[in-house]
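Asks: sequence first, then the predicted structure:
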Amino acid sequence: MEIVIIKYNAGNIRSVLFALERLGYHAVVSDDPALIRKADKVIFPGVGEASSAMGYLHEHGLAQVIQSLKQPVLGICLGMQLLCEFSEENQTNCLGIIDQPIRQFPQLGLKIPQIGWNDIFGLKGPLFNQVPEHSYVYFVHGFYAPLSGYTLATVEYMIPYSAALQKDNFFAVQFHPEKSGKVGEQILTNFLNM
Amino acid sequence: MPLTKRIIPCLDIKDGQTVKGINFLNIRAVGDPVELGSRYAQMGADELVFLDITATHEKRKTLSELVTRIAHHINIPFTVGGGISSVEDVSILLQAGADKISVNSAAVRNPQLINELAHQFGSQCVVLAVDTKFVDGEWIVFLNGGRIPTTIRTFDWVKQAVELGAGEILLTSMDHDGTKNGFAIELTRQVSESVNVPVIASGGAGNMEHFVDVFNAGKADAALAAGIFHYGEIELPALKQFLHEKGIEVRR
């Protein structure tokens, strides 16, 4: 199985590579459109800021590549947000694959960004095979995907919102499976088994 | 359920080995950082912090090889600190696999460093570490692992750092560190209430009640300790269970 992790100007990319290695999978980190297109599985990770990431994806011709993918794709954290339509983070037009917005957390007295372990529930679909309801996973983010018809998992921080989304072959998680211990490893394994 | 309170074992590194200083002096080694870190991750640690305590004063640059080894073996987030003084230092450590970095002395000397790091890598990976001591009625910032006093008030510095883009505060009371008499509750509470980013309390953990106090009265988002974990005085699963029984949300 060929797994490509999309290389762009966002952080935490090697963490995903290492996590796959711990699971016994070899992956390639690449920004080569040909390699990305022919991979069996594509992972679109990332920590960072939406507008500079989108700028980079457009400049390097990666936006169109990602939009055209037919194989299973997993967006992680910023990668998830970029798969959506629009982000309130610096009013950024994103890839528009999952037609829903990304909002800024309201100021309701809790600390922003949310940093730490929170529990996910309402788990749907094969991405969450053998993942118990209310499992803890690791989040680091200041913007969120509202609940929608694409929601595969819910989390609550001030308000309930999407911990995971799916549209067709595009799967996306707000949390970091590569940093979420055994639960995260199960989710990555489930994705690779699709 | 709300976000859980985090328990963070800290591994102080010197020459590639884990050590624990008592009041930052009289250092002794306790083992391989990768091995210890993996053990903590398996036992339920929520995050790890690796601090190269010799880095600043010996001007040793990076720990990138060790960081890569850690990143390969550990499936929870970890922060690396010690002697970080430039965007380039940070870039190397993040590329090596660190999730966050902590800056301390260099940020005090050049506060714009925080701004540059936040801009380039995002606030979520910029932890401001502050070593502080109560001097003549005020909490004052200390530099270089607690060796050099400044005239900067801790509360002022923390607020400024958050405005510049620090995403988390790692707050160490040098008066409490190594004493096992409990965390600096009042200091932690005041800092936690004055900023809207998470505060990690550090220094003074001696028993499980101390963690309850720092989360409840101290309003800490996370608590960091070293020696009590290294020497097995508190086991992580027992601590998590205890906190749960006290009504504190923790990942178990």
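Replies: In hand now; what should we look at? Worth saying up front: this structure is predicted, and the values here are computed from it rather than measured.

Asks: quick one, what contacts the residue lying closest to residue B:77 once chain neighbours are set aside?
Replies: Excluding the flanking residues, the one nearest residue B:77 by Cβ to Cβ, 6 or more residues apart in numbering or on different chains is residue B:99, at 4.3 Å. The C-beta positions use only the backbone N, C-alpha and C, and glycine is treated the same way. Contacts were defined as Cβ atoms under 8 Å, 6 or more residues apart in numbering or on different chains; by that measure residue B:99 touches A:12, A:15, A:179, B:77-79, B:125.

Asks: next, the contact list for residue A:66, please.
Replies: Counting by Cβ under 8 Å, 6+ apart, residue A:66 makes contact with A:6, A:36, A:42, A:44, A:57, A:73, A:83, A:95, A:97.

Asks: and if we set it to 6 Å?
Replies: Counting by Cβ atoms under 6 Å, 6 or more residues apart in numbering or on different chains, residue A:66 makes contact with residue A:95.

Asks: and what of residue A:145?
Replies: The neighbours of residue A:145, taking Cβ under 6 Å, 6+ apart as the test, are A:102, A:162.

Asks: then residue B:206?
Replies: Shown in contact with residue B:206 (Cβ under 6 Å, 6+ apart): residue B:180.

Asks: extract the C-alpha trace of stretch A:96-106 and format it as CSV.
Replies: Taking Å, rounded to 0.1, in the frame of the first residue of the first chain, the C-alpha atoms of stretch A:96-106 are listed here in CSV:
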residue,chain,number,x,y,z
GLY,A,96,-14.3,23.7,-0.6
ILE,A,97,-14.4,19.9,-0.7
ILE,A,98,-16.6,19.7,2.4
ASP,A,99,-19.1,22.5,2.0
GLN,A,100,-19.2,23.9,5.4
PRO,A,101,-17.6,26.7,7.3
ILE,A,102,-14.9,26.8,10.0
ARG,A,103,-15.8,29.1,12.9
GLN,A,104,-13.8,30.9,15.6
PHE,A,105,-14.6,29.7,19.1
PRO,A,106,-16.9,32.1,21.0
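
Asks: up against chain B, what does chain A have?
Replies: Within chain A, the positions lying close to chain B (Cβ under 6 Å from any Cβ of the partner chain) are A:11, A:14-15, A:18, A:47-49, A:111, A:113, A:115-119, A:136, A:138, A:140, A:179, A:181.

Asks: take the contacts of residue B:99 and write them to JSON lines, including pLDDT, neighbour count and secondary structure.
Replies: Listed next are these as JSON lines, based on pLDDT from 0 to 100; neighbours: other Cβ atoms under 10 Å in any protein chain shown; DSSP: H, G, I helix; E, B strand; the rest coil:
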{"residue": "A:12", "pLDDT": "74", "neighbour count": "28", "secondary structure": "coil"}
{"residue": "A:15", "pLDDT": "90", "neighbour count": "25", "secondary structure": "helix"}
{"residue": "A:179", "pLDDT": "96", "neighbour count": "25", "secondary structure": "helix"}
{"residue": "B:77", "pLDDT": "96", "neighbour count": "28", "secondary structure": "coil"}
{"residue": "B:78", "pLDDT": "96", "neighbour count": "24", "secondary structure": "strand"}
{"residue": "B:79", "pLDDT": "96", "neighbour count": "25", "secondary structure": "strand"}
{"residue": "B:125", "pLDDT": "89", "neighbour count": "26", "secondary structure": "helix"}
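
Asks: closest to residue B:151 among those residues?
Replies: Minimum distance to residue B:151 across the contacts of residue B:99 is 27.8 Å, recorded for residue B:79 (Cβ to Cβ).

Asks: measure the closest one to residue A:46 for me?
Replies: Here residue B:79 is placed at a distance of 19 Å from residue A:46 (Cβ to Cβ, to the nearest Å).

Asks: and residue A:131, by the same measure?
Replies: As judged by Cβ to Cβ, residue A:131 and residue A:46 stand 22 Å apart.

Asks: the more surrounded of these two?
Replies: Of the pair residue A:131 and residue A:46, residue A:46 is the one with more neighbours under other Cβ atoms under 10 Å in any protein chain shown, namely 26 against 18.

Asks: which residues touch that one?
Replies: Counted by Cβ under 6 Å, 6+ apart, residue A:46 has contacts A:10, A:78-79.

Asks: out of those residues, which one sits closest to residue B:182?
Replies: Distance to residue B:182 across those (Cβ to Cβ) is lowest for residue A:78, with 38.7 Å.

Asks: thinking again about what came up before, so what's the backbone phi/psi at the residue nearest to residue B:77?
Replies: phi -90, psi -40 (degrees, to the nearest 10).

Asks: which helix runs longest in chain A?
Replies: Longest helix in chain A by number of residues (criterion: DSSP state H): helix A:181-192.

Asks: other residues contacting it?
Replies: Here helix A:181-192 has contacts from A:74, A:126-127, A:129-131, A:135, A:137, A:177, B:75-76, using Cβ under 6 Å, 6+ apart.

Asks: find the closest residue to chain A in chain B.
Replies: Nearest residue of chain B to chain A: residue B:251, at 4.2 Å (Cβ to the nearest Cβ).

Asks: quick check, that residue in contact with residue B:4.
Replies: Yes. The criterion here is Cβ atoms under 6 Å, and residue B:251 meets it with residue B:4 at 4.8 Å.

Asks: just want the most central residue of the chain.
Replies: Picked chain A for this. Centroid check for chain A by Cα atoms, centre = their mean gives residue A:76 as the closest residue, at 1.9 Å.

Asks: actually, chain B is the one I wanted.
Replies: residue B:170 (4.6 Å).

Asks: next, that one: secondary structure please.
Replies: At residue B:170 the chain is in strand, as set by DSSP: H, G, I helix; E, B strand; the rest coil.

Asks: just to revisit the earlier point, comparing residue B:251 and residue B:4, which residue is more hemmed in?
Replies: Taking other Cβ under 10 Å, residue B:251 and residue B:4 do not tie; residue B:251 has more neighbours (25 against 22).

Asks: for residue A:96, which non-adjacent residue is closest in space?
Replies: Closest residue in space to residue A:96, ignoring its immediate chain neighbours: residue A:85 at 5.0 Å, by Cβ to Cβ, 6+ apart.

Asks: contact partners for the one you found?
Replies: By Cβ under 6 Å, 6+ apart, the neighbours of residue A:85 are A:96, A:99-101.

Asks: how about residue A:13?
Replies: For residue A:13, the contact set (Cβ under 6 Å, 6+ apart) comprises A:29, A:45.

Asks: pLDDT at it, what is it?
Replies: You'll see residue A:13 listed with a pLDDT of 83.

Asks: related to what we said a few turns ago, from the residues of chain A next to chain B, list just the buried residues.
Replies: Neighbour-count burial (16 or more other Cβ atoms under 10 Å in any protein chain shown) is assigned, among these, to A:11, A:14-15, A:18, A:47-49, A:111, A:113, A:115-119, A:136, A:138, A:140, A:179, A:181.
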